[in-house]
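Novice: Need coordinates for the following:
(chains A and B)
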There are 2 protein chains.
Amino acid sequence: MDRILKERTSVSKARELLLEKVVPLERTDIVPISNAAGRVLATTTLAPRNVPHYRRSAMDGYAIRSVDIMGASPTNPVMLQISDYVDEGVCCHLSTGVQVPEEADAVIMIEDTATIGDMIEVRAQLHPGKNIGDIGEDVRQNEIIFNKEHLLRPCDIAVLASLGIEEVKVFSKPIVAIIPTGNDLIPLGDDNLPAPGKTLDINSTMIGMYVEKWGAKARYCDIVPEDRELIRESIVRNMDADFIVVSGGTSVGERDFVPGVVESLGEKLVHGVGLSPGKPTALGVAGNTPVLCMPGYPAAGLVALFAFGKPAIRKVGNIPDIPEITVNVKLTGKISSREGYVSYARVIVEGDTARPLMTAGAGILSSIAKSNGFAIIPENVEGLEEGNEVDVVLIE
Amino acid sequence: MDRILKERTSVSKARELLLEKVVPLERTDIVPISNAAGRVLATTTLAPRNVPHYRRSAMDGYAIRSVDIMGASPTNPVMLQISDYVDEGVCCHLSTGVQVPEEADAVIMIEDTATIGDMIEVRAQLHPGKNIGDIGEDVRQNEIIFNKEHLLRPCDIAVLASLGIEEVKVFSKPIVAIIPTGNDLIPLGDDNLPAPGKTLDINSTMIGMYVEKWGAKARYCDIVPEDRELIRESIVRNMDADFIVVSGGTSVGERDFVPGVVESLGEKLVHGVGLSPGKPTALGVAGNTPVLCMPGYPAAGLVALFAFGKPAIRKVGNIPDIPEITVNVKLTGKISSREGYVSYARVIVEGDTARPLMTAGAGILSSIAKSNGFAIIPENVEGLEEGNEVDVVLIE
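Specialist: Prediction:
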């Protein structure tokens, strides 16, 4: 009973076909490190210098000559003179991080000493080198600090800063063109209560926010009516982008031309996937630019965006994959799903259980507002019962 | 052999003591929804209207009167006239989402019809209401859409937009004052190769970037020398912030006054925790503002920031906790840890294994650059062996 679209490619196969066509971009930007968190390095980064570049005290304590306290013990303490230099029998106070005088070969922790007048009493011996950070101990000059394609975290920015690196070459953010289609669509903000038959274009905003969250730059395009030539023009105009998301116009209706237009501009890879909701998704390439044609229904479009848009955008942007936040929970109710379809069922995760939400199809956006996760039901499973365990991906 | 700090509070107890003192802030901002992703709602949001606010076609197809096709079957098809209105024996084409004419009580999918001239042939009957989205079916006017304290995701922004909501009241971002202390510290950018004994203040940048990632606003303060009065002045000046992070000055050294200053301004909760690295961490309250005094050594400071700063900042900002991204992996080498300390061991996660990094203490920031996760070893475990399973939190 599958008359909407005859074709049905599995989600994994469809994703593989799309990702084969996605070529990681090579454009780069030079950015100051203060703006580089979340960006991806376009070159291997070498240490321009040793860290530390001097012998550094690892403790608050006294710089000493280890030979002077050889054999020191609680029953045989050694007394050292406190001064501002180090010599035989003479020690010098140091704070953590400061340079250790040439003459010293160890630092004794302040807690391991007792101060008596201008002397310290030492009750244990130390190995040479103890509590001293050697030159290059942390980082050696010209050592590889980060490999190409490393995603910079805030702690990495700190590492770069500590090496005196002020800017880095990173891959440019991929540009994702977002093309909303539909005769009935009106832009957000024009009319708060659209006339019957008119629909606010909320998908552009939603897609754009996710796209930017995933590390890309959203290019918002004008709404295109359901006209083959106008859709073609809009896609052609955006073939300079790194990825195109067309929203709407993928169902087999009279005026749903989008997959056909993509085919005429390059290649249609897939039209119809084993994804629920999200079946009418189409994937293709226009010129050299991969295209996701997602259903216009927000909930179905969102699932298609997660299933296909996110991995493709990450690949084109050279952005390493981060595992989804997944929880394994027990269902408190039954979920029906169709064999042959990967089903994204909206659920509310509460502790270690998940409550399925009653949903009446792909159009019910409010069910997404209420849910905090998608229970992902594999295509070889036909429905889940109350008490079954299921993996839930939290909706970001 | 724990002479550095005599006190040692468990991580969980220390966190509990800190969080008890953290009062979620009540300040709010009104922001346009386009800037509201990642923000937390300060009010319960009700639907200002029904969605849909008209009877909406759920399919591309024809609006019909179900009574006209009662009994239709493949052997007994019914023919209907196509027109631009609906009446007895007359149907009208509809695209998905448009208003269904008053006279119709069902929509037949285009795929379930055959067009013959200006007629359609219908081979199955439909229930009244089929493929029609009723008024308020998705959202009912005045229904609760989001509860207070809901973290707005991009899909939620789409829901708000679809309801015609243009701005929302959200909790203000908490202000986190970051106070770097140390006589040896110099600000970033002043000198790329600091003189021996001088250290670039990389902690402020690192803390600030994490703080903003977690939803707060960083207030960067000037470096404060190790002077009781100056430290006191800086903390007092920042007691209007929602949270204070003081970096450095927590070890028991001659000039490590920070925890004492906090005590004099309010309450010292904890000084010394069972955390490795990060033992010298102190927690307290200055005025009404909770304070995290973290070790100045970047790696130890980072662990303290994750263990205490993150949950506190989330609580003060009313930001719901998101589970850490954790993977369960097998160790390819041994990790030593001390009983009584929660150890954050830096590891490299590769597939389903984790390779411990050789680290030489809290100061070794490069080990963080190389690692992608912290293997968290509970305090009741003394070291892990090769082949042991361990939970690793990916370093964000």
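
Novice: what sits against the residue sitting nearest the centre point of chain A?
Specialist: By C-alpha atoms, centre = their mean, the mean C-alpha position of chain A lies nearest to residue A:322, the distance being 5.1 Å. Each residue near residue A:322 by C-beta atoms under 8 Å, 6 or more residues apart in numbering or on different chains is listed here: B:325, B:394. Using the backbone N, CA and C atoms, a C-beta is placed for each residue, glycine as well.

Novice: Can you classify it as helix, strand or coil?
Specialist: coil (DSSP: H, G, I helix; E, B strand; the rest coil).

Novice: Quick check on it: phi, psi?
Specialist: The phi/psi pair for residue A:322 (degrees, to the nearest 10) reads phi -110, psi 130.

Novice: Just confirm residue A:320 contacts residue A:147, I think it does.
Specialist: No: the criterion here is C-beta atoms under 8 Å, and residue A:320 misses it with residue A:147 at 10.7 Å.

Novice: So for the residue nearest to the centre of chain A, what's the pLDDT?
Specialist: Looking at residue A:322, its pLDDT is 76.

Novice: what do you get for residue A:4?
Specialist: For residue A:4, pLDDT reads 52.

Novice: With the one 5 residues further on instead?
Specialist: pLDDT, residue A:9: 95.

Novice: That one and residue B:177, how far apart?
Specialist: 54 Å (C-beta to C-beta, to the nearest Å).

Novice: Comparing the two, which residue is more hemmed in?
Specialist: residue B:177 (24 against 19; other C-beta atoms under 10 Å in any protein chain shown).

Novice: The helix or strand encompassing residue A:375: partners in the sheet, and parallel or antiparallel?
Specialist: Counting by DSSP states H and E, the element that carries residue A:375 is strand A:373-377. Within its sheet, strand A:373-377 is paired with strand A:342-350 (antiparallel), strand A:389-394 (antiparallel), according to DSSP bridges.

Novice: now these as a markdown table including mean neighbour count?
Specialist: Formatted as a markdown table, the strands paired with strand A:373-377 follow (neighbours: other C-beta atoms under 10 Å in any protein chain shown):
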| stretch | mean neighbour count |
| --- | --- |
| strand A:342-350 | 22 |
| strand A:389-394 | 17 |
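
Novice: Now mean pLDDT too, for the ones you listed, in JSON lines please.
Specialist: As requested, the strands paired with strand A:373-377 are arranged in JSON lines below (pLDDT from 0 to 100):
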{"stretch": "strand A:342-350", "mean pLDDT": "93"}
{"stretch": "strand A:389-394", "mean pLDDT": "93"}
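
Novice: Can you add distance to residue B:53 and give the ones you listed back as TSV?
Specialist: Listed next are those as TSV, based on distance: least, C-beta to C-beta, whole Å:
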stretch	distance to residue B:53
strand A:342-350	23
strand A:389-394	31
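
Novice: And the residue nearest to residue A:388 when sequence neighbours are not counted, how far from residue A:396?
Specialist: Nearest-residue entry for residue A:388: residue A:331, 5.2 Å, with adjacent residues in sequence omitted and distances by C-beta to C-beta, 6 or more residues apart in numbering or on different chains. Per C-beta to C-beta, residue A:331 is found 22 Å from residue A:396.

Novice: More neighbours: which of those two?
Specialist: Taking other C-beta under 10 Å, residue A:331 and residue A:396 do not tie; residue A:331 has more neighbours (21 against 14).

Novice: Go ahead and confirm the more buried one touches residue A:353.
Specialist: Yes: between residue A:331 and residue A:353 there is a contact at 7.3 Å, judged by C-beta under 8 Å.

Novice: So is the lowest-mean-pLDDT helix or strand in chain A next to chain B?
Specialist: Here the helix or strand of chain A ranked lowest by mean pLDDT, DSSP states H and E is helix A:366-370, holding a mean of 81. Yes: Helix A:366-370 is in contact with chain B by C-beta under 8 Å from any C-beta of the partner chain, via A:366, A:368, A:369.

Novice: May I see the buried residues of stretch A:100-120?
Specialist: Residues A:100-101, A:104-113, A:120 are the ones in stretch A:100-120 that count as buried (16 or more other C-beta atoms under 10 Å in any protein chain shown).

Novice: filter these by proximity to chain B?
Specialist: Counting by C-beta under 8 Å from any C-beta, A:109, A:110, A:111, A:112 from these sit close to chain B.

Novice: Out of the residues you listed, which one has the lowest pLDDT?
Specialist: Among these, residue A:111 carries the lowest pLDDT, at 85.

Novice: wait, is that residue part of a helix?
Specialist: Yes: with three-state DSSP as the criterion, residue A:111 is located in a helix.

Novice: where does chain A dip in pLDDT?
Specialist: Scanning chain A for pLDDT under 70 picks out A:1-6, A:190-191, A:250-256, A:359-365.

Novice: what's the domain layout of it?
Specialist: Following automatic domain parsing, chain A resolves into domains at A:11-26+A:173-316, A:28-51+A:137-171, A:56-133, A:326-394.

Novice: Which of these has the highest mean neighbour count?
Specialist: domain A:11-26+A:173-316 (a mean of 21; mean count of other C-beta atoms under 10 Å in any protein chain shown).

Novice: nearest to residue A:232, of the strands paired with strand A:373-377?
Specialist: strand A:342-350 (31.1 Å; C-beta to C-beta).

Novice: and for the next helix or strand after that closest one, what are the contacting residues?
Specialist: Toward the C-terminal end, the helix or strand that comes next after strand A:342-350 (DSSP H and E) is strand A:353-356. With contacts defined as C-beta under 8 Å, 6+ apart, strand A:353-356 is touched by A:329-335, A:345-348, A:373, A:375, A:390, A:392.

Novice: Could you export strand A:353-356 as CSV, CA atoms only?
Specialist: Extracted in CSV, the C-alpha atoms of strand A:353-356 (Å, rounded to 0.1, in the frame of the first residue of the first chain):
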residue,chain,number,x,y,z
THR,A,353,11.8,5.9,30.9
ALA,A,354,10.4,7.4,27.7
ARG,A,355,6.7,8.2,27.1
PRO,A,356,5.6,8.0,23.5
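
Novice: now that strand, how far from the chain's geometric center?
Specialist: Offset of strand A:353-356 from its chain centre (C-alpha atoms, centre = their mean, to the nearest Å): 27 Å.

Novice: again, but for stretch A:187-197
Specialist: Here stretch A:187-197 is found 34 Å from its chain centre; the criterion is C-alpha atoms, centre = their mean.

Novice: swap in stretch A:173-185?
Specialist: For stretch A:173-185, the separation from the chain centroid amounts to 23 Å (computed by C-alpha atoms, centre = their mean).

Novice: Repeat that for stretch A:316-329.
Specialist: Centre-to-centre, stretch A:316-329 and its host chain are 7 Å apart (C-alpha atoms, centre = their mean).

Novice: Leaving out sequence neighbours, find the closest residue to residue A:71.
Specialist: Using C-beta to C-beta, 6+ apart and skipping the chain neighbours, the partner closest in space to residue A:71 is residue A:125 (6.1 Å).

Novice: So the one you found, which state does it fall into?
Specialist: Classification of residue A:125 using three-state DSSP returns coil.

Novice: Can you name the residues that contact it?
Specialist: By C-beta under 8 Å, 6+ apart, residue A:125 lies in contact with A:66, A:69, A:70, A:71, A:72, A:73.

Novice: Please repeat the previous calculation with a cut-off of 10 Å.
Specialist: For residue A:125, the contact set (C-beta atoms under 10 Å, 6 or more residues apart in numbering or on different chains) comprises A:66, A:67, A:68, A:69, A:70, A:71, A:72, A:73, A:76, A:78, A:106, A:108.
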